[in-house]
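>>> Give me a model of this one.
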Amino acid sequence: MHPIIYDVAVSADGFIAGPDADVSAFPPSGPIVDDYTDRLSGYAVALMGRATYEFGYRYGLPTGANPYPHMRAIVVSGAIQLPSDAQVEVWRDLSGLEALRESGPGPIYLCGGGQLAGAIASAGHLSQLRLKRAPVILGGGTPLFSGLTTPPALTATGQVDYGDNLLFQTFRIT
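Now for the predicted structure:
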């Protein structure tokens with residue numbers, strides 16, 4: 001069974017983006033970002049919610065394009081409308097998640113957002129949490145998990161200190 005790994009930057013107060021989806025408080029470059037970029041090559045599928053996918057539009061992602069061309073990309077949304085020739089799949093719900101874990105091409109990168117992470121964790125499908133912790137307080141925005149009905153139990157499996165109070169922490173979901 002392929003793991004679902006939530007690999008995301010997070011503030012000290014638990015937000016993956018500030019108000020208006022602002023991510024400017026997170027480092028845009030440096031060793032912690034380089035290591036994240038290297039980890040992306042180990043994922044076979046990118047799974048994201050609508051807001052996470054549409055966030056790419058701010059940076060020039062064309063509608064329907066795959067933000068992770070080396071991966072199969074799936075947007076989970078009941079409302080998004082993409083062109084018929086879109087390079088991403090649209091799932092209206094999570095009913096295909098078990099089959100994806102069983103017969104998909106490999107590890108699944110949950111890249112956001114908080115609502116989707118909450119739904120996947122609540123359903124017991126989240127395998128691992130990889131947090132790029134920034135020493136900032138955002139005070140609001142998109143939480144790491146939203147709508148979490150059953151909080152998962154975590155076991156810390158590693159931590160790397162990148163200096164400047166930047167930490168990379170890994171947790172196994174138990």
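>>> Setting the sequence-adjacent residues aside, check what's closest to the spatially most central residue of the chain.
Geometric centre of the chain, nearest residue: residue 111, 1.7 Å, by CA atoms, centre = their mean. Nearest residue to residue 111, sequence neighbours excluded (CB to CB, 6 or more residues apart in numbering): residue 48, at 5.0 Å. Glycine gets a C-beta too; all of them are placed from N, C-alpha and C.
>>> So what sits opposite the one you found in the bridge?
Listed by DSSP bridges, the beta-bridge partners for residue 48 are residue 75, residue 112.
>>> Please give me every residue in contact with the closest residue in space to residue 74 that isn't next to it in sequence.
Excluding the flanking residues, the one nearest residue 74 by CB to CB, 6+ apart is residue 89, at 4.7 Å. Counting by CB atoms under 8 Å, 6 or more residues apart in numbering, residue 89 touches 72-75.
>>> who wins for neighbours among the residues you listed?
Among the contacts of residue 89, residue 75 has the most neighbours (other CB atoms under 10 Å), with 24 neighbours.
>>> List the contacts of that residue.
Counting by CB under 8 Å, 6+ apart, residue 75 touches 48-50, 53, 82, 88-91.
>>> swap the cut-off to 7 Å and go again
Each residue near residue 75 by CB atoms under 7 Å, 6 or more residues apart in numbering is listed here: 48, 50, 53, 88, 90.
>>> surely the first one meets residue 114?
No. With contacts counted by CB atoms under 7 Å, residue 48 stays clear of residue 114, the gap being 11.4 Å.
>>> can you give me the helices for the protein?
31-40, 50-55, 97-103, 114-122 (DSSP state H).
>>> Quick one: the ones you listed as CSV, columns for mean neighbour count, distance to residue 134 and mean pLDDT too.
Listed next are those as CSV, based on neighbours: other CB atoms under 10 Å; distance: least, CB to CB, whole Å; pLDDT from 0 to 100:
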stretch, mean neighbour count, distance to residue 134, mean pLDDT
helix 31-40, 14, 9, 98
helix 50-55, 21, 17, 97
helix 97-103, 14, 29, 97
helix 114-122, 22, 16, 96
